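>>> Mind folding the following:
(chains A and B)
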Amino acid sequence: MSPEIVFGDDRKEYLADLFDKDITEEGYLRDRDSGEIVTDDETGDYMTIDDLGIVYQNSEHFVKDDVGDILHYATEVEE
Amino acid sequence: MLREFFDRLFSSSELPSDLNPFLSTDSNSAENTDNQETASVVGEDYIIKIDRVTGDDPFEIDETEAVVTVDPTRGDWADSKAELKEYWREESKRAFSESAFELYLSIRASKGDVDEVMAFFDPILSPSQSSMLEEAYHLSKYFDNFNVDNGEEYERRGKLGDKYGSAAQNVPSLCSAGYFEKHGLFRDLYGQLSDSSTRNEDFQDLFDDLVRHRPFVIFVRGGSKLGTDELRRRISQNAAHLDKLPVDIDYLHVRGMGGEPKEKISDLKGRLDEEGAKQMSEVNRKENGPNELVLAIDTDSLA
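Prediction:
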């Protein structure tokens, strides 16, 4: 079993950096290659660094730190 | 896998042997040198946390919580990042923020309990009401069972209110108090509605009214300015609301946790005793966290 990896709330910028995302002045996550703002996997909402909850599958998917989004991930994506 | 991760992040030559999490602290003994796997300090179930480390070592091991904390500001993050990315690619891994991880663990742990509640309510509520109740229920489990600070609880309640309307902010408290569980108030109320073609719609209207105004309960919070007079006034106001409902709710609850709320409820009980109101108090013992004092008032006996 692979270990879970958790980023402390004041080290979230390293999580963004790990997946080549910049943080705009407004706090949004922006892809360094495409320049596009990262969106929530389920709702499509723009995501800020404060919103960031889960990254999965080679950084292709981002989940907000919100009960509905995490519930969707745990029940619809993971299972 | 955990060992592989650390092998990538820190080559063994970079670390003194007594810092290697896969060696026992007595790593100079021949026994441990020959049998490093069985002498591991860190098990495969440990969590890797990327966070601040305050000591001199590049990482910290918390054996109680089973966490190895690695500080990205120590050493060369650029090199570590490349190793982490490669590991990620090969393992199709995922990563969590700290607060999201705890909520995720709570959701996984509480899924059976919440699913049991939703099996009753999902078919009879509107899709929006059902989603709101399910999310609120998971939040209540998270607040009850994890050590969530007041700031995070306030923020998560606020987000629920932003999504479903401000009344939703209070639903986790209703869930925590057991109003949606088997033999709880809301299931009883559904049973009271006549078995007509509009039964579910009638219940949905009732659900909205009860969640918005909560005439059946008053929560007394710590730091609240609610005095006995104001509490008594609200009881009359709520009792009048209950009288207008198409269902019977015999008791109005006043609930509080902690010294100050319990003291206020005791004062209120004294006032109601003087008025001759029928009431009874009980202690709702919680598995995690302080016990709750619940005063149940028979609204028919109010002056």
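
>>> where do the strands sit along chain B?
B:47-50, B:59-62, B:67-70, B:94-97, B:217-220, B:251-257, B:279-284, B:292-298 (DSSP state E).

>>> In this structure residue B:239 contacts residue B:299, no?
Yes. Taking contacts as Cβ atoms under 8 Å, residue B:239 lies within contact range of residue B:299: 4.3 Å. (C-beta placed from N, C-alpha, C; glycine too.)

>>> Please identify which of those two sits among more neighbours.
Using other Cβ atoms under 10 Å in any protein chain shown, the more surrounded residue of residue B:239 and residue B:299 is residue B:299, with 22 against 17.

>>> The more buried one: what's it in contact with?
When contacts are counted by Cβ atoms under 8 Å, 6 or more residues apart in numbering or on different chains, residue B:299 is found next to B:239, B:242-243, B:249-252.

>>> Please apply the same query to residue B:172.
Residues near residue B:172 by Cβ under 8 Å, 6+ apart: B:136-137, B:139-140, B:143, B:157, B:160.

>>> for residue A:70, same thing?
Neighbours of residue A:70 in contact, by Cβ under 8 Å, 6+ apart: A:53-54, A:63-64, B:100, B:103-104, B:107.

>>> Show me what from chain A comes close to chain B.
A:1-12, A:14-15, A:17-18, A:52-59, A:63, A:65-68, A:70-71, A:73-75 (Cβ under 8 Å from any Cβ of the partner chain).

>>> Now, those that are in strands?
Using DSSP E, the residues of chain A next to chain B in strands are A:5-7, A:52-56, A:63.

>>> Spatially, what comes nearest to the closest residue to chain A within the stretch 151-300 of chain B if we skip its sequence neighbours?
With Cβ to the nearest Cβ as the measure, residue B:159 is the residue of the stretch 151-300 of chain B nearest to chain A, at 5.9 Å. With sequence-adjacent residues excluded and distances taken as Cβ to Cβ, 6 or more residues apart in numbering or on different chains, residue B:159 is closest to residue A:66, at 5.9 Å.

>>> Could you give the number of residues near the closest residue to residue B:279 other than its chain neighbours?
Nearest non-adjacent residue to residue B:279, counting by Cβ to Cβ, 6+ apart: residue B:297, 4.6 Å away. As a burial measure, residue B:297 scores 24 neighbours (other Cβ under 10 Å).

>>> ok, what's across the strand from residue B:297?
Residue B:297 has these beta-bridge partners by DSSP bridges: residue B:252, residue B:279.

>>> Now do the contacts for it.
By Cβ under 8 Å, 6+ apart, residue B:297 lies in contact with B:235, B:251-254, B:272, B:277-279.

>>> Any of those buried? List them.
B:235, B:251-254, B:272, B:277, B:279 (16 or more other Cβ atoms under 10 Å in any protein chain shown).

>>> Same list, these, but as a markdown table with pLDDT please.
Listed next are the buried ones among the contacts of residue B:297 as a markdown table, based on pLDDT from 0 to 100:
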| residue | pLDDT |
| --- | --- |
| B:235 | 94 |
| B:251 | 92 |
| B:252 | 94 |
| B:253 | 95 |
| B:254 | 94 |
| B:272 | 90 |
| B:277 | 84 |
| B:279 | 83 |
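
>>> Many thanks, I have nothing further to ask.
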